[in-house]
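Participant: quick one, fold the following:
(one chain, ligands or ions: 1)
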Amino acid sequence: MIDQLWEWIAIAVGLLVVFGALVVGLVRGRGGRTRQGPASGRTGGTDVLPGVGDDATPPRDAPKRSVEDAGSVDTLPAPGQPETLPEVEPTPTLERPASAQGRLTRLRARLSRSNSALGKGLLALLSRGRLDEAAWEEVEDTLIGSDLGVEATTELVDRLRTQVAVEGTTDEATVRGWLREDLLRLVDPTMDRAVASSRVEGRPAVVLVVGVNGTGKTTTVGKLARVLVAEDKDVVLGAADTFRAAAADQLETWGARVGVPTVRSDRDGADPAAVAFDAVKAGAEMEADVVIVDTAGRLHNKVGLMDELGKVKRVIEKQSPIDEVLLVLDATTGQNGLRQAEVFAQVVDVTGIVLTKLDGTAKGGIVVSVQRKLGVPVKLVGLGEGPDDLAPFDPEAFVDALLD
Ligand SMILES: Nc1nc2c(ncn2[C@@H]2O[C@H](COP(=O)(O)OP(=O)(O)OP(=O)(O)O)[C@@H](O)[C@H]2O)c(=O)[nH]1
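Facilitator: Numbering: from 1, shown residues only. Down below sits the predicted model:
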């Protein structure tokens, strides 16, 4: 009898051990290929969206697995690699980003500090009294020096010459008024500068951010997330810059500060198109307002990298239309920046320009030349390295800053 009891106890213990092992196995098996960064209380987190990327169907034209693909997001961990991913500590307190409203006005001093040479120089020249040929040439040189471009400069100077001749005055206030009006016409206040950030037909808006290395793409994506969080949008970030080792960490940190989740791969050199695909998929599942996808910097004259960008675009489009392609340009690069813009526009349909580092250059005229070259508006401007130093572009505040 006692023997039988012991037998039953042994069987019960055995069953418990087997059951326990099964449960542990199941939990471990949930480790995703693409991992989602710290989630916000706003958009819900991994609890709301368990195992983002687990069941992500790889895009149909995703590369077949090969040795080169060993780091791609749809590849299982190599033997010896930990299956589970390190836990990311949730950020205890979320930052409250500064309101996007009127940011350019608030940051105006930064813009005018570096660009005052343009406004002040022009006003000094035009109010000088007798305006001879040499004076007009100086006006032209000042404008061209600000990267306004020859065509826009000629237009502006022709108008001003006519106004001065007709009115016969060089009174400073009058001349300032003309200059303001003419510059504003060139900047074109009628262009639609809204960034796609609201759900479209029951899905999140998708924003792709592109540009050459070091222009400020990752920083811009982080700052843009803050602008949108300040507007109460639910944002998801996609770290498809898998080329630069620290880029995904950098982006995840930006997002975590304001409670925005980041979809990323843990392996450098993973397939950026697959990460972008997973990010858009996660955004849809989380019912986010907008998914912003950061991409690796690429030289515009490197054909292979530009092809890769075309692939990122095509793979995203298998899942969702892309509503916005923001091209990030460094305002200090002048004509070279314009050449980059042209090449990018051939590969992806650029819908808006972000001009960064306008705080460090007297070349504010680039706003006009890049808009003319591409026929798309400058939508955002970077005016410093601080987290809230990205402003929606406001033509009036911009021109006023130039003439400060
Ligand atoms: N002064 C100033 N610096 C900026 C601005 N925007 C970005 N930066 C700085 O530019 C540098 C490059 O920024 P990143 O965001 O890393 O550039 P990236 O384009 O993502 O770089 P890659 O990933 O290498 O292509 C950083 O030091 C930023 O702080 C701006 O508006 N003003």
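
Participant: what about the spatially closest residue to Pro377 that is not a sequence neighbour, neighbour count?
Facilitator: Nearest non-adjacent residue to Pro377, counting by C-beta to C-beta, 6 or more residues apart in numbering: Met191, 3.8 Å away. Backbone N, C-alpha and C define where each C-beta goes, glycine included. For Met191, the neighbour count with other C-beta atoms under 10 Å is 15.

Participant: how close does Met191 get to the ligand?
Facilitator: Between Met191 and the ligand the computed distance is 21 Å (C-beta to the nearest ligand atom, to the nearest Å).

Participant: per-domain residue ranges of the chain.
Facilitator: By the assignment in automatic domain parsing, the chain contains the domains 103-187, 205-350.

Participant: reformat these as JSON lines; add mean neighbour count and mean pLDDT.
Facilitator: Formatted as JSON lines, those follow (neighbours: other C-beta atoms under 10 Å; pLDDT from 0 to 100):
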{"stretch": "domain 103-187", "mean neighbour count": "17", "mean pLDDT": "83"}
{"stretch": "domain 205-350", "mean neighbour count": "22", "mean pLDDT": "92"}
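
Participant: looking at those, which is nearest to the ligand?
Facilitator: domain 205-350 (2.1 Å; C-beta to the nearest ligand atom).

Participant: any idea how far the closest one is from the chain center?
Facilitator: 6 Å (C-alpha atoms, centre = their mean, to the nearest Å).

Participant: so which residues of the chain form strands?
Facilitator: Under the criterion DSSP state E, strands of the chain are mapped to 34-36, 205-210, 235-240, 262-265, 290-295, 324-330, 352-356, 378-382, 390-392.

Participant: which ones are touching Glu201?
Facilitator: Glu201 makes no contacts at all, as judged by C-beta atoms under 8 Å, 6 or more residues apart in numbering.

Participant: how close does it sit to Arg226?
Facilitator: 26 Å (C-beta to C-beta, to the nearest Å).

Participant: which parts of the chain sit against the ligand?
Facilitator: Contact residues, the chain versus the ligand (C-beta under 6 Å from any ligand atom): 211, 213-219, 241, 244, 247, 297, 356-357, 359-360, 382-385, 389.

Participant: out of these, which are inside helices?
Facilitator: Here DSSP state H is the test, and the residues of the chain next to the ligand give 217-219, 247 as lying in helices.

Participant: for the ligand, what's its nearest residue on the stretch 301-404 of the chain.
Facilitator: Gly382 (2.4 Å).

Participant: from Leu126, how far off is that residue?
Facilitator: Between Gly382 and Leu126 the distance is 30 Å, computed by C-beta to C-beta.

Participant: quick check, Pro387 in contact with Pro97.
Facilitator: Yes. If you go by C-beta atoms under 8 Å, Pro387 and Pro97 touch, sitting 7.1 Å apart.

Participant: tell me if I'm right that Val229 and Val235 touch.
Facilitator: Yes. Using C-beta under 8 Å, Val229 is in contact with Val235, at 6.3 Å.

Participant: mutual contacts of those two, please.
Facilitator: Counting by C-beta under 8 Å, 6+ apart, the shared contacts of Val229 and Val235 are Val260.

Participant: got the contact list for Leu111?
Facilitator: 104, 358-359, 364, 381, 383, 398, 401-402.

Participant: of these, which is the most crowded?
Facilitator: Of the contacts of Leu111, Leu358 is surrounded by the most neighbours, 29 neighbours in total, counting by other C-beta under 10 Å.

Participant: what about it, distance to Arg339?
Facilitator: Note on Leu358: its distance to Arg339, by C-beta to C-beta, is 19 Å.

Participant: ditto for Val209
Facilitator: If you measure Val209 against Arg339 using C-beta to C-beta, the figure is 19 Å.

Participant: circling back: which non-adjacent residue is nearest the residue of the stretch 301-404 of the chain closest to the ligand?
Facilitator: Excluding the flanking residues, the one nearest Gly382 by C-beta to C-beta, 6+ apart is Thr356, at 3.4 Å.

Participant: is the one you found in a bridge, and if so with what?
Facilitator: Asp330 (DSSP bridges).

Participant: re earlier: mind putting the contacts of Leu111 in CSV, distance to Ala196 included?
Facilitator: CSV is the format used below for the contacts of Leu111 (distance: C-beta to C-beta, whole Å):
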residue, distance to Ala196
Leu104, 20
Leu358, 22
Asp359, 26
Gly364, 26
Val381, 18
Leu383, 22
Phe398, 22
Ala401, 26
Leu402, 28
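
Participant: which one of those is nearest Gly283?
Facilitator: In terms of C-beta to C-beta, no member of the contacts of Leu111 lies closer to Gly283 than Val381, at 25.9 Å.

Participant: need the residues touching each of Pro387 and Pro97.
Facilitator: Common contact partners of Pro387 and Pro97 (C-beta under 8 Å, 6+ apart): Arg226.

Participant: next up, the contacts around the residue nearest to Val175 when sequence neighbours are not counted.
Facilitator: Closest residue in space to Val175, ignoring its immediate chain neighbours: Leu126 at 4.4 Å, by C-beta to C-beta, 6+ apart. Shown in contact with Leu126 (C-beta under 8 Å, 6+ apart): 139, 160, 164, 170, 175, 179.

Participant: ditto for Thr174
Facilitator: Residues near Thr174 by C-beta under 8 Å, 6+ apart: Glu167.

Participant: what's the spacing between it and Leu107?
Facilitator: 29 Å.

Participant: can you check Glu231 too?
Facilitator: Glu231 is 17 Å from Leu107, by C-beta to C-beta.

Participant: can I get stretch 368-379 as CSV, trimmed to CA atoms?
Facilitator: Taking Å, rounded to 0.1, in the frame of the first residue of the first chain, the C-alpha atoms of stretch 368-379 are listed here in CSV:
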residue,chain,number,x,y,z
VAL,A,368,14.3,79.0,-51.9
SER,A,369,16.7,77.2,-54.2
VAL,A,370,15.9,73.7,-53.0
GLN,A,371,12.2,74.3,-53.2
ARG,A,372,12.7,75.6,-56.8
LYS,A,373,14.9,72.7,-57.7
LEU,A,374,12.6,69.9,-56.5
GLY,A,375,9.2,71.7,-56.5
VAL,A,376,8.5,70.4,-53.0
PRO,A,377,8.3,72.5,-49.8
VAL,A,378,10.7,72.9,-46.9
LYS,A,379,8.5,71.5,-44.1
